[in-house]
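Novice: A structural model of the following input is requested.
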Amino acid sequence: MENISDFRTDLEFGQEAERILGGYLRSGSFEIKRDRLMHETGRLYIEWQSRGNRSGIAMDDINPIWLYCADDITFGLFMDASHLREAIKVYKSECEAGLIQPPGDWCKEGGDENTSRGALIDVHDLVRIMLSLVKPVSK
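Specialist: Prediction:
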């Protein structure tokens, strides 16, 4: 693929992303999750069930953008919810196939009194899977 990058093209490309993300931020169409241990463990917990009911990323009416932040909010992962749902499915398949080594777990108890279930996923695995789901923008 030929590199057709120049300042104006790159500027317009960045400004388009600012408009798209700004729309999400202005409309409040995002969910912020804060993980108290991500900075220590390198893993984060993505809930999909609570007290036997669908919750978290499994909900149909969730906001389209999710931001998972480290405890002090200096680092975060900004993700599209539909891709995050798909990433959890891929992670589940990888866990069941024995491709993910413990302590990774697609069905980990957690939350209040361990009444929730979610994926305990290594940040590296999450980023790897999320990047595999990226669809290039047509030029």
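
Novice: ok, now how distant is Phe78 from Val90?
Specialist: Per C-beta to C-beta, to the nearest Å, Phe78 is found 19 Å from Val90. All C-beta spots, glycine's among them, are computed from the backbone N, C-alpha and C.

Novice: more crowded one of these two?
Specialist: Val90 (17 against 12; other C-beta atoms under 10 Å).

Novice: Need phi/psi at that one.
Specialist: Val90 adopts backbone torsions of phi -60, psi -40, taken as degrees, to the nearest 10.

Novice: What's the separation between the nearest residue to it once chain neighbours are set aside and Ile100?
Specialist: Once flanking residues are discounted, Val90 sits nearest to Ile129: 5.0 Å by C-beta to C-beta, 6 or more residues apart in numbering. Note on Ile129: its distance to Ile100, by C-beta to C-beta, is 10 Å.

Novice: Please apply the same query to Ile62.
Specialist: Taken as C-beta to C-beta, the span from Ile62 to Ile100 is 25 Å.

Novice: and if you look at Arg26?
Specialist: In terms of C-beta to C-beta, Arg26 sits 38 Å off from Ile100.

Novice: Just the C-alpha atoms of stretch 96-110, please, in CSV.
Specialist: Coordinates of each C-alpha in stretch 96-110 appear next as CSV, following Å, rounded to 0.1, in the frame of the first residue of the first chain:
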residue,chain,number,x,y,z
GLU,A,96,-12.0,-22.8,26.4
ALA,A,97,-9.4,-23.9,23.8
GLY,A,98,-6.6,-23.6,26.4
LEU,A,99,-4.9,-20.8,24.6
ILE,A,100,-5.1,-18.4,27.6
GLN,A,101,-3.0,-19.3,30.6
PRO,A,102,-4.4,-18.7,34.1
PRO,A,103,-5.2,-16.4,35.8
GLY,A,104,-7.1,-15.3,32.7
ASP,A,105,-10.7,-16.4,33.0
TRP,A,106,-13.8,-15.6,30.9
CYS,A,107,-16.2,-16.5,33.7
LYS,A,108,-14.8,-15.1,36.9
GLU,A,109,-16.9,-14.4,40.0
GLY,A,110,-16.5,-10.9,41.3
